[in-house]
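**Student:** Sequence first, predicted model second:
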Amino acid sequence: MGNIIAIVGRPNVGKSTLFNRLTESREAIVDEMAGVTRDRHYGKSVWNGVEFSVIDTGGYVIRSGDIYEDEIRKQVLLAIEESDIILFLVDVTGGITDLDEGIARMLRKTEKIIYLVVNKVDNPDRAYDTNEFYKLGMGEIYPLSAINGSGTGELLDDLVRKLPRKPDEDLEDIPKFAIIGRPNVGKSSLANALLGEERNIVTPLSGTTRDSIYSRYRKYNYDFYIVDTAGLRKKGKVTENVEFYSVMRSIRSIENADVCLTLIDSTRGMEGQDVNIISLVKRNRKGIVLLVNKWDLIEKDTKTLRLFREKIIEKIAPFRDIPIIFTSAITRQRLHKVLETAIRVYENRKKKVPTGRLNNSMLEAIENNPPPAVKGKQIKIKYVVQLPTLAPSFAFFCNLPQYIKEPYKRYLENRIREHFDFTGVPIQIFFRKK
């Protein structure tokens with residue numbers, strides 16, 4: 001399961017610099033999917049083999065004097081609610097400010113693990129000045145310089161040791177589905193439609209943290225968990241900037257699921273926020289089934305359906321191989337189909353293609369359409385294997401991996417999808433030197 005680390009602090013202490021330092025090494029690997037814009041505030045990081053998510057709560061502040069404190073307070077509350085570990089960033093050159101003291105007061109009340117990180121410590125005099133921050137009463141201090149990276153290694157070593165190991169042992173090895181989407185799109189109606197009328201089949205099994213609750217669904221030969229996130233259940237204290245907060249809330253559900261049932265509202269169509277949520281799912285390499293909800297409210301004929309589908313596919317390109325189901329949680333329309341499809345996507349995500357079959361199909365596709373030569377050099381792809389990763393990824397071994405461009409990579413992905421069913425599942429493709 002994913003752990004979430006939030007960076008909090010007043011403006012201009014270097015939150016985004018630290019965020020970039022923690023996530024950049026990872027970004028290149030994670031953003032293998034074309035068309036995913038790199039989110040400035042949410043990224044993945046890996047240290048000593050442990051993967052976690054990093055969220056920079058800054059950058060969402062409405063820039064104006066009085067609102068500052070209020071906005072920062074909201075960000076800190078959100079971080080306390082939604083993350084496992086909090087990095088409280090202060091600036092050695094500014095000393096302790098009233099805002100720092102305010103944030104410290106809020107953080108002292110929480111049970112979460114908190115690291116007091118003193119930034120901009122890039123010479124011995126400044127190292128001496130860090131002692132002042134013990135006054136904040138937050139325990140040990142971690143001095144570092146986010147710009148040049150000194151001190152980040154020690155912080156990360158300590159951090160990954162303290163990350164809550166979230167035991168999945170209580171959970172049986174059956175699919176975990178999350179219902180995600182923007183606010184008011186019908187997530188709880190869908191959960192209730194699936195679980196509601198027969199609560200006796202539901203055994204809520206609280207996760208180790210209070211964040212995720214797994215409701216078990218067992219009937220009609222189905223057996224799976226629906227991941228419910230406490231954050232999605234209660235109307236939080238935080239209502240402003242709903243878009244950002246709803247994305248942040250979704251992150252937890254996405255990380256704890258195998259397949260995400262992603263709802264969009266048919267009366268509003270596919271909006272920017274929907275596309276963001278889908279790109280979060282892709283970035284986490286989870287399966288996806290797209291549900292166009294409230295379909296009972298649409299005046300429709302076959303043409304409406306076709307146009308609607310085309311519009312969606314255009315917006316989620318280049319990853320078009322996603323099942324789209326027109327449904328209504330209220331009238332329970334096509335709910336069985338939703339479950340069948342989710343199970344199929346779950347199986348696709350676990351699928352391993354035998355190396356022989358993979359090479360037969362792919363080497364023929366490469367022969368029919370070889371990669372374009374670069375600077376007069378022929379690129380020869382000799383061999384392909386599926387890597388032993390949780391979600392499908394493939395390595396193509398060739399003489400000049402650095403010269404293979406995005407369009408050819410898409411060509412290969414489309415051929416893989418043509419020969420082997422990976423509908424609903426993001427695929428990663430790597431080129432390696434033989």
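**Tutor:** Perfect, thanks for sending it. Numbers count the residues shown, from 1 in each chain.

**Student:** all strands of the stretch 51-200 of the chain, in order?
**Tutor:** Taking DSSP state E, counting those that start in this stretch as the criterion, the stretch 51-200 of the chain carries its strands at 85-91, 113-119, 141-143, 176-181.

**Student:** need these in CSV with mean pLDDT, can you?
**Tutor:** Shown next, in CSV, are the strands of the stretch 51-200 of the chain (pLDDT from 0 to 100):
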stretch, mean pLDDT
strand 85-91, 94
strand 113-119, 94
strand 141-143, 95
strand 176-181, 90
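
**Student:** right, and the ones you listed - which one's nearest L190?
**Tutor:** L190 lies closest, by Cβ to Cβ, to one member of these: strand 176-181, at 5.4 Å. For the C-beta atoms, the positions are set from N, CA and C on the backbone; glycine is no exception.

**Student:** Sheet partners, orientation included, of that closest one?
**Tutor:** As defined by DSSP bridges, the strand partners of strand 176-181 come to strand 222-229 (parallel), strand 259-265 (parallel).

**Student:** Where among those strands is average confidence lowest?
**Tutor:** Among the strands paired with strand 176-181, strand 222-229 has the lowest mean pLDDT, at a mean of 79.

**Student:** pull the CA atoms of it into PDB?
**Tutor:** Extracted C-alpha coordinates of strand 222-229, given in PDB (Å, rounded to 0.1, in the frame of the first residue of the first chain):
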ATOM      1  CA  TYR A 222     -18.100 -12.400  -7.000                       C
ATOM      2  CA  ASP A 223     -15.700 -11.800  -4.200                       C
ATOM      3  CA  PHE A 224     -13.800  -8.600  -3.800                       C
ATOM      4  CA  TYR A 225     -13.200  -5.600  -1.600                       C
ATOM      5  CA  ILE A 226     -14.500  -2.100  -2.200                       C
ATOM      6  CA  VAL A 227     -12.000   0.400  -0.800                       C
ATOM      7  CA  ASP A 228     -13.700   3.200   0.900                       C
ATOM      8  CA  THR A 229     -11.600   6.100   2.100                       C
END
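
**Student:** one step back: please dump the strands of the stretch 51-200 of the chain into JSON lines; it should also carry distance to R357 for every row.
**Tutor:** As requested, the strands of the stretch 51-200 of the chain are exported to JSON lines (distance: least, Cβ to Cβ, whole Å):
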{"stretch": "strand 85-91", "distance to R357": "44"}
{"stretch": "strand 113-119", "distance to R357": "47"}
{"stretch": "strand 141-143", "distance to R357": "51"}
{"stretch": "strand 176-181", "distance to R357": "29"}
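
**Student:** where in the stretch 101-250 of the chain is pLDDT low?
**Tutor:** Applying pLDDT under 70 to the stretch 101-250 of the chain flags the ranges 165-171, 196-213, 228-249.

**Student:** which residues in the chain form helices?
**Tutor:** All helices of the chain, identified by DSSP state H, fall at 15-30, 67-82, 98-108, 124-129, 152-162, 187-195, 230-233, 242-255, 272-283, 302-316, 335-350, 355-368, 406-419.

**Student:** Keeping just the C-alphas, turn the fourth one into CSV.
**Tutor:** Below are the C-alpha coordinates for helix 124-129, written out as CSV (Å, rounded to 0.1, in the frame of the first residue of the first chain):
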residue,chain,number,x,y,z
PRO,A,124,28.6,26.0,8.8
ASP,A,125,27.3,29.3,10.2
ARG,A,126,23.8,28.4,9.2
ALA,A,127,24.2,24.9,10.7
TYR,A,128,24.8,26.7,14.0
ASP,A,129,21.7,28.8,13.6
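
**Student:** In a markdown table, list the strands of the stretch 51-200 of the chain along with mean neighbour count.
**Tutor:** Formatted as a markdown table, those follow (neighbours: other Cβ atoms under 10 Å):
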| stretch | mean neighbour count |
| --- | --- |
| strand 85-91 | 24 |
| strand 113-119 | 22 |
| strand 141-143 | 20 |
| strand 176-181 | 25 |
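
**Student:** thinking again about what came up before, and the helices of the chain, which one averages the lowest pLDDT?
**Tutor:** Among those, helix 230-233 scores lowest, at a mean of 40.

**Student:** Redo the helices of the chain as JSON lines? Include distance to I5 and mean neighbour count.
**Tutor:** What follows is those, written out as JSON lines (distance: least, Cβ to Cβ, whole Å; neighbours: other Cβ atoms under 10 Å):
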{"stretch": "helix 15-30", "distance to I5": "8", "mean neighbour count": "18"}
{"stretch": "helix 67-82", "distance to I5": "9", "mean neighbour count": "20"}
{"stretch": "helix 98-108", "distance to I5": "14", "mean neighbour count": "16"}
{"stretch": "helix 124-129", "distance to I5": "24", "mean neighbour count": "12"}
{"stretch": "helix 152-162", "distance to I5": "7", "mean neighbour count": "15"}
{"stretch": "helix 187-195", "distance to I5": "26", "mean neighbour count": "20"}
{"stretch": "helix 230-233", "distance to I5": "16", "mean neighbour count": "19"}
{"stretch": "helix 242-255", "distance to I5": "11", "mean neighbour count": "21"}
{"stretch": "helix 272-283", "distance to I5": "16", "mean neighbour count": "20"}
{"stretch": "helix 302-316", "distance to I5": "29", "mean neighbour count": "13"}
{"stretch": "helix 335-350", "distance to I5": "26", "mean neighbour count": "19"}
{"stretch": "helix 355-368", "distance to I5": "37", "mean neighbour count": "14"}
{"stretch": "helix 406-419", "distance to I5": "31", "mean neighbour count": "16"}
